[in-house]
Each structure stands twice: as C-alpha cells, then as structure tokens.
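A.B. asks: from the sequence below, what's the structure:
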Amino acid sequence: MPSEPALRVIMRRLRDIMAEPADGQERLDRIVRQIAGVMVADVCSIYLRRQDGSLELFASEGLNPTAVHATMLKKGEGLVGRCAELGLPINEPDAAKHPAFSYRPETGEEIYHSLLAVPIQRSGQVLGVLVVQNRTVKEYSDEDVEVMQATAMVVAEHLVSGAVSGVGSAIELSRALSRVITGEPISDGIALGHVVLHEPRIVVTKLMSDDPAYELRRLEDALLELKASLDDMLSHELLSGAGDHRDVLEAYRMFAHDRGWERRLREAVQSGLTADAAVERVKNGTRARMLKKPDPFWRERQRDLDDLSDRLLRILAGVSVGILSQDEMPSDTILVARTMGPAELIDYDRTKLRGLVIEDGSGQSHVAIVAKALGIPAVGQAEGIVERVTAGDAIIVDGVIGEVHVRPSTEVVSAYTDKVRFRARRQKQYEALRDLPAITTDGERITLQINAGLLADMPHVKESGSDGIGLFRTELMFMLSHSLPRVDRQTQAYEAVLDEAGGKPVVFRSLDIGGDKVLPYLPHVPEENPAIGWRAIRMSLDRPALFRMQIRAMLRAGAGRELRVMIPMVSVATEMDEIKVLIDKECDLVSKRGAKLPSKLLIGAMIEVPSVLFELDELLPRVDFVSVGSNDLIQFLFAADRSNSRVVNRFDSLSVASLRALRQLAKACRRHGTPLTLCGEMAGRPIEAMALIGLGFRTLSMAPASIGPVKTMIRALDAGAITKLLDDLLARGSGSLRADLEGFAADRGVEL
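C.D. replies: Next up is the predicted model:
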C-alpha cells in the first residue's frame with residue numbers, strides 16, 4: 001500500500017501535540033521532533049523573531065541542545081536570517097558553501113550539508129523560520145518545499161492562537177476566525193498560499209498646474225512609456241501566441257492608442273490641470289458615461305479604462321508599473337482584488353503567482369480569459385473578500401467549485417493538500433485512458449467530445465483525448481470584440497478552429513446573442529425575460545444580415561472539408577425551413593463566384609425549447625443532426641431560472657420528468673436515423689452521463705476536464721443493465737432518481 005502523505009501525518013501529529021497538556025517549550029520540542037521524523041531529516045529547528053528583528057533558536061531536534069535559546073542571529077544573518085527577511089524559502093544542497101552561510105560552532109551543524117528554510121508567516125509578517133537539515137548533499141524536492149510551507153502555515157496559526165505559550169515574538173496578533181467565501185469559479189484549479197492585496201490606486205493630491213507646458217510634456221512622456229509597457233506585455237512568452245486572450249490584450253492596447261482619449265487628456269491639461277489630475281478627470285468622466293450603459297460589454301470597457309488610467313497615474317507618480325517587485329512578492333502569492341484589468345494581472349511575477357480572487361468579474365471577463373491562458377486558478381464574484389482578509393493571511397482558492405478559504409484550519413489545509421495530490425493522481429489515471437476508446441463493458445461505443453468557444457480551448461482536443469468538438473460557441477468572439485467582426489476576420493477564426501481540430505468534427509453553433517448576451521455595436525432593447533426573449537434564431541430570422549455574414553465566413557473557412565452548423569433556440573420545426581433558405585442563398589453566392597464549397601454541409605438544430613419535443617416527427621426530417629442544450633431545456637422545462645439560487649435547487653436533472661423528455665427524444669432520433677448529442681452540463685457529470693447512456697444517448701459533449709471522469713465511468717458500465725433499470729424506474733417512479741442511480745453504481749463498482 002502507498003505510504004501516507006507526509007503533510008497529513010504532520011497535521012495529525014500537530015493536532016495531537018496541541019491537544020496534550022504541556023507548556024510552550026515542551027510543545028515546540030515535540031513539534032520539531034515530529035517534523036524531523038516525518039521529513040526524514042537529521043535536523044529540524046524553529047527560530048522565532050524577537051523585538052529587534054533578530055532570530056532566536058527556540059527549539060531543535062538534531063542540533064546541540066545547549067544551543068536552544070543561546071543561538072541568536074542578527075537581522076538578515078545567515079541563510080535563516082535571509083529567509084526571514086525575504087519571506088521566501090531557501091533551498092541549498094550544500095549550505096556551508098553558500099556565501100550567506102553563518103557558522104555557529106555551538107550548534108554543531110558543521111556536519112550537515114543540505115538546508116531547507118521556510119518562513120513562518122502570519123498576516124503579512126514573519127514570525128520565524130522553520131528549518132530542516134540533512135548530512136547528505138541534496139536539493140529538496142518541490143514536494144518537500146510545499147510540505148514545509150503548509151506546515152509552517154499551521155505552526156504560525158498555533159503560535160498566534162496562544163496554543164504555544166511563552167513565545168517571545170514581537171508580533172502581537174489577535175486570533176482571526178477562519179472564513180469560507182463562496183464565489184464563481186472563473187479559472188480551473190486549486191491554489192494554497194498567502195494573501196497579497198492588489199491596491200494600485202494612486203491618490204492625486206496636486207490638482208492645479210503651475211506650468212501647463214511642463215505638465216503637457218509629462219503627459220506625453222507618460223503616454224509613450226505606457227504604450228511601450230503594453231508592447232512589452234504583449235510579447236510575454238505565455239501570451240504571445242494566438243488566442244482570444246491575445247484579442248483581449250490587443251483590444252486593450254488599442255484603447256491606449258485611442259486618439260479621442262489622448263485628445264481629452266491634453267485638453268484637460270491645457271485647461272490648467274496637472275497631468276495626474278487630467279488623467280483622473282478624464283477617467284471619471286468616461287467612467288460615468290459607461291456606467292449608465294447596462295450592457296456587460298461596457299462594464300468590461302470600464303474595467304479596461306480604470307486599469308489603463310491607473311497604469312498611467314503610476315507612471316506619472318514615478319511608481320513602477322509592476323505592482324510588486326520580485327523581491328517583495330511572496331513565492332506563494334494569492335492575489336486578492338476588488339476588480340482588475342487583464343494587464344494588471346500580467347504585471348505580477350507569474351512564477352510566484354499561485355491564484356487570484358476578485359470581488360468582481362465573471363468567467364467571461366477579460367481578466368478571467370487571461371487567467372485561464374496563464375493557468376492561474378481563480379474565483380470571481382467573491383463578495384466582501386477584500387474587507388475580510390489581511391495581507392499575509394493563509395488562503396486557499398478552489399477554482400473548481402468557486403470557494404475561498406481564508407485563514408483555513410489545520411484540517412482544511414490538510415484536506416486541500418490531499419485534494420491537490422488526489423487531482424494530480426487522478427489526472428495521471430485519466431491521461432492513461434486518453435487514447436483508449438470509451439466503450440462500455442457490453443461493447444457500446446460512446447463518442448466523447450468537448451465544448452469550446454475560444455481558440456485557446458483547441459489544444460484541449462488532443463490533451464483530453466476527445467473525439468472532436470460537439471459545441472463551439474461562436475458568440476464569444478463577437479462579445480470580446482469592440483466592433484462587429486468582419487467576414488475576413490471571422491473566416492480566419494473558423495479556419496483556425498478547423499485546422500486545430502486536426503480533422504476531428506467541429507460543430508459551430510451559430511450566433512446565440514440577444515437577450516442577456518448583448519453586443520454594444522448592435523441595437524438593444526431591454527427585456528423583462530431575456531433568456532426567453534429575442535435571441536438566437538429569432539434574431540437571425542428577423543435580422544438576417546448578421547446571420548448570413550456569419551454563414552458566409554463559415555462556408556469560406558470550410559471550403560473543401562466538412563462543415564457542421566447548429567442553430568440554437570429552435571422552437572418550431574418550420575423555423576429550420578426559413579434558416580435553410582438563408583443558408584442556401586449564401587451557398588449560391590459562393591458557387592456563382594467560383595469559390596469552393598465545403599465537401600459536406602450538415603445543418604443541425606439545438607434542442608433547448610420544450611415545444612419542439614412535441615414536433616420531433618416534423619423537425620427531425622428537416623435536419624442532419626440534433627444536439628440537446630440541457631442547461632436551457634431543463635430550466636425551461638421546470639420554469640426555474642438556473643441562475644436564481646432560490647429556485648435552482650427545486651428540481652433535479654435526474655428527475656423522472658426530465659429523463660422521460662430526454663428518452664422521448666432519443667427514441668425519436670433512432671426512429672428517424674438522426675444523430676443525437678447532448679452538450680450541456682449533464683454530459684460532464686458521471687452520474688448524469690450514466691443516465692444519458694441508459695436513455696440511449698451515444699454522443700456526449702462536455703468541458704475538457706470532464707472527459708477523464710466520464711470515460712472512467714463508461715469503461716466500467718454495463719449499458720444494457722442501466723437501460724433496463726431506467727426503463728423500470730421511469731415506468732413506475734416519480735421525483736428524483738439520483739439515489740437509485742447512485743445505488744446502482746455502488747453495487748456494480750461504477751466510479752462516479
């Protein structure tokens with residue numbers, strides 16, 4: 001059996017030590033003894049900070065016992081002092097050869113070579129240093145460093161709580177309660193670290209200018225520096241490649257080159273303001289205008305403007321454009337902010353940035369798109385986070401479920417450390433299945449595809465081992481653009497997607513805009529119920545020019561190869577007749593111009609409006625394929641807004657009503673020989689994917705990260721058995737079938 005993770009052993013033993021009656025010194029002695037044993041270290045020591053900034057050896061296992069409380073290190077002295085001053089781990093294979101090494105004969109440490117020191121931090125202040133040493137010359141592993149950092153985090157909490165009495169630390173801190181803040185996951189992953197508050201605001205104190213000409217020169221120089229810094233940003237090695245994050249940053253740079261913005265800045269300076277005050281004035285004026293617009297697009301533009309203006313103010317104030325210098329930034333930084341622009345995130349040292357938490361920002365915000373491109377776990381909509389944390393607080397960001405744990409308990413740290421390891425192990429298991437087919441134990445082949453919407457998503461096709469893209473949301477390109485993307489730009493984007501797919505099928509969903517997906521460059525009339533309002537196919541049929549332009553671009557991109565186009569929000573069968581007329585007109589134009597058409601053109605409908613469930617025999621002959629948008633279909637079926645927390649839990653997607661509706665669709669598609677896919681969130685959850693297979697679905701499209709768990713489930717599943725169970729349950733059941741399905745999986749060893 002595999003050995004128990006070192007951190008979990010240490011956590012358990014620390015809890016035991018704190019629960020036992022003992023004085024402060026005895027507890028510290030037990031702590032270092034346990035850490036040395038678990039880490040297989042010859043030495044473990046705890047140094048604590050004194051009033052003057054020096055460090056005192058408070059406990060040690062392995063060094064001469066007489067050195068405890070006798071060994072003092074001056075501020076910054078030796079590798080231990082360096083660790084305390086920098087607030088960074090020190091990992092030296094042969095410490096004695098390091099120029100900063102400080103030899104203390106009373107410790108007897110001359111026989112030890114390797115040294116790993118990590119700061120014991122709390123609320124942005126270093127309480128001390130935790131050190132392990134070994135006789136052998138070696139560099140400690142990344143896992144050793146992480147175990148020591150997590151252990152130091154817990155030791156700090158014990159020191160501050162008063163559990164260890166008699167500690168002569170100069171830092172007096174009150175015990176802060178642990179908190180869990182729920183937000184929205186905007187970039188996948190889990191990160192453990194310490195809080196760094198993002199506070200880039202420059203307060204303008206001098207408003208009126210003594211020398212307008214001088215202020216104008218300051219402004220011009222600052223604008224030049226701003227543009228140069230943005231050019232450097234776009235050459236960042238992690239961001240220089242193509243993708244939607246690149247489009248976001250290019251649009252951001254264009255904002256900095258906007259002549260109207262520069263003109264207003266110059267006019268403000270010429271009116272008698274300092275350059276700093278001019279930036280503030282133009283920012284506030286433009287911000288006020290933008291905030292009057294309810295559209296998400298303008299809120300995103302306003303964030304870009306705030307970010308750009310703050311960068312310009314920092315340049316004028318002589319403050320580095322980077323928020324923190326490399327030395328100031330902790331190695332396990334979790335950035336916490338009220339709001340943030342994409343360029344501000346890039347200002348931070350990526351090698352030290354573990355995670356991001358913001359009070360504002362959704363999964364489609366510009367900062368979220370850049371966070372995903374950089375691979376930074378992030379949570380948005382974390383209400384009140386800035387007021388609830390202090391710089392240096394221990395914090396955990398769960399970008400999987402959207403939770404933030406502030407000042408987590410020992411148990412939570414241990415659980416999340418295990419969770420990170422578990423995710424890594426599971427990912428390796430899933431990677432081993434990547435090239436294996438998704439076949440049930442009784443031989444049913446299930447096609448697994450991914451949902452995408454950005455060019456940056458395309459590498460996931462290969463990484464996940466998916467069979468293609470079951471849903472490509474084309475509207476994201478339109479929503480991230482400052483103006484209507486012309487045909488040439490759309491064509492290039494669709495061509496790039498088809499090229500990256502490497503011959504695997506791609507289903508492009510035509511524009512699903514309108515309702516709550518507003519494009520600022522198109523007229524918009526507010527609606528009381530936008531989700532069931534003027535959107536998608538309804539807008540395409542009423543205003544066909546935009547739809548035809550998109551189809552034109554898709555036909556060009558698909559020249560000589562297969563092109564699949566899916567029409568969203570179909571509510572009556574005859575709408576497909578009208579849509580096909582528009583598509584045929586574009587095909588005729590391509591042919592008349594002598595251009596090449598796709599080798600095969602497949603037109604499908606998205607099933608998300610319940611009315612079409614009663615017109616399937618009329619709809620299915622009109623289409624080449626159908627795909628279920630289960631998110632909308634089920635919320636419409638139950639008349640329950642899935643974004644409303646008060647009603648979202650009042651129904652279950654595994655209820656008899658929703659499963660009967662989906663089974664009816666699956667049977668109709670088999671009867672007509674129409675290919676059927678489901679591309680909503682149901683497809684990506686193993687228990688619901690199992691139910692879908694039992695209903696007759698053989699193609700599922702999901703988030704890339706869900707491919708591994710769903711494939712694992714499929715390869716252990718007997719499709720015939722789950723079909724029989726569902727037939728029985730749907731014939732006599734009511735309400736949710738979740739418990740029955742969980743019981744089936746448990747009895748048959750199907751991992752959910």
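A.B. asks: give me the distance between residue 435 and residue 466.
C.D. replies: According to Cβ to Cβ, to the nearest Å, residue 435 and residue 466 sit 11 Å apart. Where C-beta positions appear, they are placed from N, C-alpha and C, glycine not excepted.
A.B. asks: the more surrounded of these two?
C.D. replies: residue 466 (26 against 7; other Cβ atoms under 10 Å).
A.B. asks: could I get the phi/psi values of that one?
C.D. replies: phi -80, psi 160 (degrees, to the nearest 10).
A.B. asks: so what's it closest to, chain neighbours aside?
C.D. replies: residue 450 (4.6 Å; Cβ to Cβ, 6 or more residues apart in numbering).
A.B. asks: for the one you found, give me phi and psi.
C.D. replies: Main-chain torsions, residue 450, degrees, to the nearest 10: phi -120, psi 160.
A.B. asks: what ranges does the stretch 301-450 of the chain have for its helices?
C.D. replies: 342-347, 366-374, 385-388, 410-433 (DSSP state H, counting those that start in this stretch).
A.B. asks: do I have it right that the residue nearest to residue 466 meets residue 707?
C.D. replies: Yes. Counting by Cβ atoms under 8 Å, residue 450 touches residue 707, with 6.8 Å between them.
A.B. asks: any common contacting residues for the two?
C.D. replies: 464, 466 (Cβ atoms under 8 Å, 6 or more residues apart in numbering).
A.B. asks: out of those two, which sits in the busier spot?
C.D. replies: More neighbours surround residue 450 than the other of residue 450 and residue 707, with 29 against 26 (other Cβ under 10 Å).
A.B. asks: for beta bridges, what are the partners of that one?
C.D. replies: Following DSSP bridges, residue 450 is listed with bridge partners residue 469, residue 702.
A.B. asks: for it, what are its contacts?
C.D. replies: 457, 460-461, 464, 466, 468-470, 701-704, 707.
A.B. asks: what's the residue nearest the centre of the chain sitting at in phi/psi?
C.D. replies: By Cα atoms, centre = their mean, the chain has its centre lying nearest to residue 187, at 0.6 Å. Residue 187 adopts backbone torsions of phi -150, psi 120, taken as degrees, to the nearest 10.
A.B. asks: after the worst-scoring helix or strand of the chain on mean pLDDT, which helix or strand is next?
C.D. replies: The weakest-scoring helix or strand in the chain, judged by mean pLDDT, DSSP states H and E, is helix 244-256 (a mean of 62). Sequence-wise, the next helix or strand downstream of helix 244-256 (DSSP states H and E) is helix 259-270.
A.B. asks: if we can go back for a sec, hmm, residue 397 and the residue nearest to the centre of the chain touching each other?
C.D. replies: No. Look at residue 187 against residue 397 with Cβ under 8 Å: they stay out of range, at 9.4 Å.
A.B. asks: identify the contacts common to those two.
C.D. replies: Contacts common to residue 187 and residue 397, judged by Cβ under 8 Å, 6+ apart, are 356, 377, 378.
A.B. asks: please list only the buried members of those.
C.D. replies: 356, 377, 378 (16 or more other Cβ atoms under 10 Å).
A.B. asks: contacts only, for the first one.
C.D. replies: The one in question is residue 356. 187, 334-335, 337, 340, 345, 367, 371, 376-379, 397.
A.B. asks: quick one: which of the residues you listed is nearest to residue 444?
C.D. replies: Checking the contacts of residue 356 against residue 444 by Cβ to Cβ gives residue 187 as the nearest, at 35.0 Å.
A.B. asks: let me see the contact set for that closest one.
C.D. replies: Taking Cβ under 8 Å, 6+ apart, one finds 356, 368, 371, 372, 375, 376, 377, 378, 399 in contact with residue 187.
A.B. asks: pipe the residues you listed into a markdown table and attach distance to residue 223 and pLDDT per row.
C.D. replies: Converted to a markdown table, the contacts of residue 187 look like this (distance: Cβ to Cβ, whole Å; pLDDT from 0 to 100):
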| residue | distance to residue 223 | pLDDT |
| --- | --- | --- |
| 356 | 28 | 94 |
| 368 | 28 | 78 |
| 371 | 28 | 80 |
| 372 | 30 | 76 |
| 375 | 32 | 76 |
| 376 | 29 | 87 |
| 377 | 35 | 91 |
| 378 | 31 | 92 |
| 399 | 36 | 90 |
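A.B. asks: most widely separated two among these?
C.D. replies: Using Cβ to Cβ, those span at most 12.6 Å, a distance reached by 368 and 375.
A.B. asks: show me which of the two is the more surrounded one.
C.D. replies: A direct count of neighbours by other Cβ under 10 Å for residue 368 and residue 375 places residue 368 higher, at 26 against 11.
A.B. asks: distance-wise, check the more buried one relative to residue 374.
C.D. replies: Counting by Cβ to Cβ, the gap from residue 368 to residue 374 is 11 Å.
A.B. asks: ditto for residue 726
C.D. replies: For residue 726 relative to residue 374 (Cβ to Cβ), the value is 43 Å.
A.B. asks: which of those two has more residues huddled nearby?
C.D. replies: Between residue 726 and residue 374, counted using other Cβ under 10 Å, residue 726 has the larger neighbour count: 26 against 19.
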